[in-house]
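[1] here is a sequence together with a model predicted from it:
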Amino acid sequence: MTKALIIGATGTVGGLVLKEALSRGVDVRALVRDKERANLPDTVEVVQGDLADRDAVRSAVKGVDSAFYVSPHETNEIEIATTFGQEVERAGARLVFGGFHIEDPAAREAAFQAIPAYVGKLKLAAFLAGTDTKPAMVSLMNFDQNDEVFLEDILAGTFPTPLHPEGVNRVDIRDAAEVLTNALTDSGFAAGAYQLVGPESLNGVESARIWGEELGREVRYTGDDPEWRKAFAKRLSGQKLADWISSFELLSAAPFPTNPAEVEVMTTLLGRPPRTFREYVRDFVRENVS
Ligand SMILES: NC(=O)c1ccc[n+]([C@@H]2O[C@H](COP(=O)([O-])OP(=O)(O)OC[C@H]3O[C@@H](n4cnc5c(N)ncnc54)[C@H](OP(=O)(O)O)[C@@H]3O)[C@@H](O)[C@H]2O)c1
């Protein structure tokens with residue numbers, strides 16, 4: 001049976017990869033900063049440590065077949081990703097990366113100029129892609145689950161995340177987690193770059209309307225308010241706040257259309273069409289809002 005290490009198991013992406021892997025009976029190890037706070041199921045082997053501590057990373061990767069990496073919102077993200085890639089390589093394990101990667105060097109160079117806030121993320125992904133770990137480099141579009149950060153606002157009737165009027169592709173991370181878990185457990189999963197997408201692009205007004213319809217109350221789009229950053233600062237802090245503001249500056253300035261060829265690839269990888277944003281909201285409301 002595959003033994004898989006999961007980084008970020010208490011976060012959005014890693015948490016859903018962990019849930020998916022456990023549901024398939026995968027033998028899972030997680031590296032967490034605080035065992036008590038992480039409070040993971042007993043079936044998970046927990047290694048306590050920080051990604052900045054090479055010895056902790058070395059213990060965490062020892063004996064695993066595959067390792068999932070999501071880059072945390074940390075100021076030392078290049079350093080910690082570099083240590084991780086080196087240690088996965090040293091352990092002879094396969095690497096599965098979930099985040100943001102541009103494979104073509106010329107396109108990556110152009111992105112450095114266009115989105116300077118992403119230079120660190122693009123550099124660390126390029127480093128990991130070059131490691132001798134048979135890496136599966138999985139890029140993810142805008143998460144449906146981002147909206148949960150603003151749940152209080154949404155329940156109070158406002159949707160504060162700015163999304164371009166022509167729409168941004170949004171992906172349900174439960175779908176992404178299925179594909180990422182395939183990559184973790186299938187030693188034949190081809191190394192290379194993958195773009196995981198949802199079936200449609202939505203703007204802020206459409207996202208707000210779907211929340212309102214599923215909640216049975218009015219939810220008004222407020223992402224066009226020039227003060228939207230203040231709503232973010234109420235819910236997030238530190239490097240995560242800075243990263244989210246840069247991301248949403250991009251997502252409000254440019255549309256991210258849905259590429260039918262990418263939806264087709266996603267459908268093949270999942271063995272079914274990806275979930276719609278409405279399906280995500282409906283499930284979330286049913287499971288979490290009384
Ligand atoms: N949001 C989007 O739409 C989107 C789209 C594409 C890509 N991305 C990328 O996805 C990544 C964020 O993923 P996420 O949303 O899952 O993040 P998240 O929810 O903030 O989770 C981060 C995880 O990393 C752990 N962590 C943080 N610093 C650590 C350290 N020094 N050592 C060990 N573990 C550490 C955290 O553990 P603790 O419990 O200890 O804090 C947590 O489990 C970013 O790189 C972002 O650019 C996001």
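    Structure received. Numbering: from 1, shown residues only.
[2] so which residues on the stretch 151-290 of the chain come close to the ligand?
    Lys240, Asp243 (CB under 6 Å from any ligand atom). Heads up, the C-betas are built off the backbone N, CA and C, glycines and all.
[3] all strands for the stretch 151-290 of the chain, in order.
    With DSSP state E, counting those that start in this stretch as the criterion, the stretch 151-290 of the chain has strands at 158-159, 168-171, 192-196, 201-202, 220-221.
[4] so what touches the longest one?
    Looking back up the chat, that one is strand 192-196. Strand 192-196 is contacted from outside by 101, 103, 129, 136-141, 171, 175-176, 179, 262, 265-266, 269, using CB atoms under 8 Å, 6 or more residues apart in numbering.
[5] run the last query once more with 10 Å
    Contacts with strand 192-196, where a contact means CB atoms under 10 Å, 6 or more residues apart in numbering, come from 96-98, 101-104, 125, 129, 134-141, 169, 171-173, 175-180, 183, 259, 261-262, 265-266, 269-270, 274.
[6] need the phi and psi values for whichever residue of the chain sits closest to the ligand.
    Nearest residue of the chain to the ligand (CB to the nearest ligand atom) works out as Gly11 at 2.0 Å. Note on Gly11: backbone dihedrals following degrees, to the nearest 10 are phi -100, psi -170.
[7] for Ala176, give me its contacts.
    13, 16-17, 20, 98, 138-141, 143-145, 194, 196-198, 266, 269-270, 274.
[8] how does it look with 8 Å?
    Counting by CB under 8 Å, 6+ apart, Ala176 touches Val13, Leu16, Gly98, Val138, Leu140, Leu196.
[9] which one of those residues is nearest Arg282?
    Of all those, the one with the least separation from Arg282 (CB to CB) is Leu16, at 17.3 Å.
[10] that closest one touches Asp175, doesn't it?
    No: applying CB atoms under 8 Å, one finds Leu16 not in contact with Asp175, separated by 9.4 Å.
[11] more crowded one of those two?
    Ranked by neighbour count (other CB atoms under 10 Å), Leu16 and Asp175 place Asp175 first, with 26 against 23.
[12] my read is that the residue of the chain closest to the ligand contacts Pro72, right?
    Yes: counting by CB under 8 Å, Gly11 does reach Pro72; the two are 7.2 Å apart.
[13] neighbour count: those two, which is higher?
    Between Gly11 and Pro72, counted using other CB under 10 Å, the more crowded position is Pro72 (18 against 15).
[14] surely the more buried one touches Thr10?
    No: using CB under 8 Å, Pro72 is not in contact with Thr10; the gap is 10.3 Å.
[15] ok so, going back, compare the contacts of Ala176 and tell me which is most surrounded.
    Neighbour counts for the contacts of Ala176 peak at Gly98, which has 28 neighbours (criterion: other CB under 10 Å).
[16] Leu16 versus that residue, what's the distance?
    To Leu16, Gly98 is 10 Å away according to CB to CB, to the nearest Å.
[17] cool, and Asn76?
    25 Å.
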